[in-house]
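Asker: just coords:
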């Protein structure tokens with residue numbers, strides 16, 4: 001039986017604020033420009049400089065808020081796909097989504113944590129598209145998108161496995177502080193349409209489709225399976241975290 005525990009992502013809480021900020025900063029330059037034109041007869045040079053400066057600042061804020069909003073929306077869509085996948089799984093699992101974890105001063109948020117008799121598995125989702133290239137040891141990977149008429153865009157992205165490694169270390173520290181020395185594995189899931197050109201270590205697992213992720217989870221067996229007692233107690237830790 002699958003028990004699903006959904007937490008609200010901290011990023012989702014930022015979406016309304018970013019949307020409002022985008023609307024205000026998008027409308028403000030037009031309002032200021034109208035006011036400035038209506039007061040041209042005053043020929044106040046300093047007033048003109050102030051108006052133009054505020055308009056430029058508002059326009060820059062609009063671009064930044066819009067970019068951040070689009071990134072968070074993209075991540076939110078990827079996380080929703082994870083929830084749908086979790087509901088399709090069969091077997092005995094406790095599944096936690098958007099799980100906040102903290103140990104001492106180290107904090108993070110795990111997209112999905114599966115706790116089952118076969119072990120613990122962290123799933124990190126990225127809603128990227130295009131061609132993704134990189135290696136396990138690199139600080140950054142490259143995302144390339146190809147468009148019509150030969151246009152190509154190239155964006156650097158942080159190596160997702162660096163983030164996953166940090167999450168895994170925090171998780172293991174929490175478990176050790178509760179008396180558990182268990183194995184924690186992880187898998188990176190690309191929920192968008194991607195072509196992967198990655199040079200990864202043997203234990204760096206990646207899935208680029210829903211079926212691939214479900215197949216990996218269904219067949220997953222850790223190096224150190226959980227006992228029924230460990231499974232029950234670890235589930236309780238994350239159901240009622242004191243993090």
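Answerer: That came through, no problem. Computed from a predicted structure; not experimentally measured.
Asker: check which helices and strands the helix or strand hosting residue 120 is in contact with.
Answerer: If you go by DSSP states H and E, residue 120 is part of strand 119-126. On a contact count with 3 or more C-beta pairs under 8 Å, 6 or more residues apart in numbering; DSSP states H and E, strand 119-126 meets helix 45-88, strand 106-116, helix 160-177, strand 184-190, helix 210-218. To be clear about C-beta, it is placed using only N, CA and C from the backbone, and glycine gets the same treatment.
Asker: name the residues of that strand that come out as buried.
Answerer: Neighbour-count burial for strand 119-126 flags 119, 120, 121, 122, 123, 124, 125, 126 (criterion: 16 or more other C-beta atoms under 10 Å).
Asker: and the fourth one, bridged to which residues?
Answerer: Here residue 122 sits in beta bridges with residue 113, residue 186, going by DSSP bridges.
Asker: tell me how far it lies from residue 204.
Answerer: As judged by C-beta to C-beta, to the nearest Å, residue 122 and residue 204 stand 12 Å apart.
Asker: do the same with residue 101
Answerer: Separation of residue 101 from residue 204 (C-beta to C-beta) stands at 21 Å.
Asker: returning to that earlier point: which one of the buried residues of strand 119-126 is nearest residue 57?
Answerer: residue 126 (32.2 Å; C-beta to C-beta).
Asker: contacting residues for residue 133?
Answerer: 141, 142, 144, 196, 197, 198 (C-beta atoms under 8 Å, 6 or more residues apart in numbering).
Asker: state the pLDDT value of it.
Answerer: On pLDDT, residue 133 comes in at 95.
Asker: can you tell me the element it falls in?
Answerer: strand 130-135.
Asker: partners of that strand in the sheet?
Answerer: Strand pairing (DSSP bridges) places strand 130-135 next to strand 140-146 (antiparallel), strand 194-199 (parallel).
Asker: any idea which of these gets closest to residue 173?
Answerer: Nearest to residue 173, of these and by C-beta to C-beta, is strand 140-146 at 26.3 Å.
Asker: which of the residues in that closest one are buried?
Answerer: Buried residues in strand 140-146 (16+ other C-beta under 10 Å): 141, 143.
Asker: show residues contacting that strand.
Answerer: Residues contacting strand 140-146 (C-beta under 8 Å, 6+ apart): 128-134, 152-160, 198.
Asker: run the angle between the strand holding residue 120 and strand 140-146 for me.
Answerer: Interaxial angle of strand 119-126 relative to strand 140-146 (axes from the mean of the first three to the mean of the last three C-alpha atoms, to 10 degrees): 50 degrees.
Asker: who's in contact with the closest residue to residue 188 other than its chain neighbours?
Answerer: Counting by C-beta to C-beta, 6 or more residues apart in numbering, residue 206 is the residue found nearest to residue 188 once chain neighbours are left out, at 4.8 Å. For residue 206, the contact set (C-beta under 8 Å, 6+ apart) comprises 187, 188, 189, 190, 196, 198, 200.
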